[in-house]
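Student: Using only what follows, build the 3D model:
(2 chains)
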2 protein chains.
Amino acid sequence: MVHKAAGETANSNDLQATILGLIGNDLREMEVVFHRELRSNHPYVADVLTHLNTYRGKRLRPMLLLLTAQAVGEVDAAHHVLAAVVEMIHTATLVHDDVLDDATTRRHVATVNSRWNNETSVLLGDYLFTHAFHLASSLESTLACRLIGRATNLVCEGELAQIHERGNSGLTEEQYFNIIEGKTAELCAVSCYLGAHFAGGSEATVLAMDRYGRNLGIAFQIADDLLDVCGTEQETGKTLGSDLEKQKLTLPLIRLLAEATPAAAGKIRELLAHPSAESKAELNRLLKAGDALEYARQRAFEYVEAARAALACLADSPARQVLELLTEFVVVRST
Amino acid sequence: MVHKAAGETANSNDLQATILGLIGNDLREMEVVFHRELRSNHPYVADVLTHLNTYRGKRLRPMLLLLTAQAVGEVDAAHHVLAAVVEMIHTATLVHDDVLDDATTRRHVATVNSRWNNETSVLLGDYLFTHAFHLASSLESTLACRLIGRATNLVCEGELAQIHERGNSGLTEEQYFNIIEGKTAELCAVSCYLGAHFAGGSEATVLAMDRYGRNLGIAFQIADDLLDVCGTEQETGKTLGSDLEKQKLTLPLIRLLAEATPAAAGKIRELLAHPSAESKAELNRLLKAGDALEYARQRAFEYVEAARAALACLADSPARQVLELLTEFVVVRST
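Tutor: You can find the predicted model right below:
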């Protein structure tokens, strides 16, 4: 089933076909659970929920959960529920992020805030959060609720920290990594943890899978931040440059500032403080002229390596090979 | 301990003293749990959380939960946790409501959105939701998570329906009652349900307590809507008139429109469609001239009666007497 050995460059279509071969049925089960939980008799609510489907994403977190489960043991009905829960939490944060970022497009379609209004987005996000916990509580034990609760606490704290640091051109790498560990990596980590735990993994295996998801999540976020400063909207299907617009410092800019002469750093801070099409273009030029983009890519690769290393405790299997290929894929998309 | 028999007009200070006499220790335990769950090492998050304390409310939902528990059986540690959970959910909805309403003041202090910004409010609300579920999952069974999940699903759906009906001057009484049952009464109902269930109440008793909370919640919301159209900001400590501003039709206006001649109704719709200080003053005059305010009060009293009737299955006790007095209090505050 797996056409490429780890180490070769993953082709996105091949990888997707391989994943569908391994967990296609489980992903379909997950979709059934997802949509069953989000049914509404209220026509307006039903309308907004239908719109959500049009910006259905990659389902990365459900994939991580299901692949981890398969690599560790066997996928069962609890995994389908949990996969739907983590996707619902992720969707809730996306809907709220789009309000915070004033984003108009996601995955090539209008965001909820631009098609309806901010109020609808705020309430829809809440609705998704509460349904996610409601769904998690349909399992036998409180463990999933507790772990997902803890992870989402950290997601929100990471996002709050990010809001606070907006406009802080002195943000350090350490602060940046703390923020992205909360806002992105926690949910990937808990997805892998739950996948492994509910497949009967030993404590050591479960913790290794948590580590895999966490490192992968960090690499993924660095790649996402790279795309925001140097991708195209056509490629990504979403509003870009919003980090600069909102004066959110990400790794490439932190590096650019760290490597600049005091005079150049002063100029960069000036550009950051006055976001405009011109200042964005100039920052883009500076990023491309120095080592900032390459440095950020390099850091992402380090996290990819750490994610791979965490897989060492697993016996070889098609699912494990895909988890390995996935690490490559999350970073490749930004280069 | 209870100084006034049901039927006499409740004095708010006496009632509060009586409540503190009965469940003061439990309310303090609830506060300990509440603040333990909401501790943050991040200075910004800690700051925003501290500000929340300054608009600490009446703690109506924890009171309902604890009084119901005491009236049915015995209050224990699970009740303290659950009381903190329902208050956290309620606080989350208030923080998000203030964003939706662009409110600047709540309980005489600046709202989070006006002191910081909308982004912080959205994320703080999320943070409170996820912590509430995290806290609920610290109990032994998933029952509380499930019931609270279901109730908050309905709260969000009620609020989404309300957004959708904004500007609809044809809103019927039935639609209005559906909306407020979701957005307000569900959480009161589940508070009473949980209080009774975790005190070992029989199924019939637990359902009667749900009914008590639901009817009380509806009466409470009608009273709140009355205050918004005819209270003063000094009395209530919050931004008023926002329902008119946001073109949210509430019971007094629905009645005013229903009783008006076609010509007068046309004039009222005109005023509603163009919110301003003048149109608000004119609507206020019309509300006071007709039976609209009295009608809304009357409907609130009907729900108060239904709430009282639901208490019939309980043996007499100081807690039961307070539950009875509370029904009066929620409506009296609007007259």
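Student: how close does the residue lying closest to residue A:68 once chain neighbours are set aside sit to residue A:314?
Tutor: Spatially, and ignoring its direct neighbours in sequence, residue A:68 is nearest to residue A:195 (3.3 Å; Cβ to Cβ, 6 or more residues apart in numbering or on different chains). The C-beta positions use only the backbone N, C-alpha and C, and glycine is treated the same way. Separation of residue A:195 from residue A:314 (Cβ to Cβ, to the nearest Å): 12 Å.
Student: Touching both of the two, which residues are there?
Tutor: residue A:72 (Cβ atoms under 8 Å, 6 or more residues apart in numbering or on different chains).
Student: so how many other residues sit close to residue A:45?
Tutor: Residues lying near residue A:45 (other Cβ atoms under 10 Å in any protein chain shown) number 21.
Student: pretty sure residue A:170 is in a strand, no?
Tutor: No: with DSSP: H, G, I helix; E, B strand; the rest coil as the criterion, residue A:170 is assigned coil and is not in a strand.
Student: from memory residue A:15 sits against residue A:322, does it?
Tutor: Yes: with contact defined as Cβ atoms under 8 Å, residue A:15 counts as touching residue A:322 (7.2 Å).
Student: more neighbours, those two?
Tutor: A side-by-side neighbour count of residue A:15 and residue A:322, using other Cβ under 10 Å, places residue A:322 first with 25 against 18.
Student: got the residues of the stretch 151-300 of chain A near chain B?
Tutor: Contacts of the stretch 151-300 of chain A with chain B, taken as Cβ under 8 Å from any Cβ of the partner chain, map to A:152, A:153, A:155, A:156, A:157, A:159, A:160, A:161, A:163, A:164.
Student: Which pLDDT value belongs to the fifth one?
Tutor: Spelled out, it's residue A:157. Residue A:157 is assigned 95 on the pLDDT scale.
Student: So which other helices or strands are in contact with the helix or strand hosting it?
Tutor: Taking DSSP states H and E as the criterion, residue A:157 maps to helix A:143-165. Contact analysis of helix A:143-165 by 3 or more Cβ pairs under 8 Å, 6 or more residues apart in numbering or on different chains; DSSP states H and E lists helix A:77-100, helix A:118-136, helix A:173-180, helix A:186-197, helix B:43-54, helix B:118-136 as its packing neighbours.
Student: Take those helices and write them to TSV, including mean pLDDT.
Tutor: TSV is the format used below for the helices and strands packed on helix A:143-165 (pLDDT from 0 to 100):
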stretch	mean pLDDT
helix A:77-100	94
helix A:118-136	95
helix A:173-180	96
helix A:186-197	98
helix B:43-54	90
helix B:118-136	95
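Student: Deepest-packed of the ones you listed, please.
Tutor: Among these, helix A:186-197 has the highest mean neighbour count (mean count of other Cβ atoms under 10 Å in any protein chain shown), at a mean of 28.
Student: pLDDT (mean, whole number) over the helix or strand just after that helix?
Tutor: Under the assignment DSSP H and E, the closest C-terminal helix or strand after helix A:186-197 is helix A:203-230. Average pLDDT, helix A:203-230: 95.
Student: Let me know the angle separating helix A:203-230 from helix A:173-180.
Tutor: 110 degrees (axes from the mean of the first three to the mean of the last three Cα atoms, to 10 degrees).
Student: Buried residues, helix A:203-230. List them.
Tutor: Buried residues in helix A:203-230, counted by 16 or more other Cβ atoms under 10 Å in any protein chain shown: A:205-230.
Student: Give the burial count for residue A:329, as a bare number.
Tutor: Count around residue A:329 with other Cβ under 10 Å applied: 21.
Student: I'd like the distance between it and residue A:304.
Tutor: Going from residue A:329 to residue A:304 by Cβ to Cβ gives 10 Å.
Student: so what sits against both of these two?
Tutor: Overlap between the contact sets of residue A:329 and residue A:304, as judged by Cβ under 8 Å, 6+ apart, is nil.
Student: just to revisit the earlier point, mind putting the residues of the stretch 151-300 of chain A next to chain B into TSV with neighbour count and distance to residue A:121?
Tutor: Shown next, in TSV, are these (neighbours: other Cβ atoms under 10 Å in any protein chain shown; distance: Cβ to Cβ, whole Å):
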residue	neighbour count	distance to residue A:121
A:152	28	18
A:153	23	21
A:155	25	17
A:156	27	16
A:157	24	21
A:159	24	15
A:160	27	18
A:161	20	22
A:163	20	16
A:164	19	22
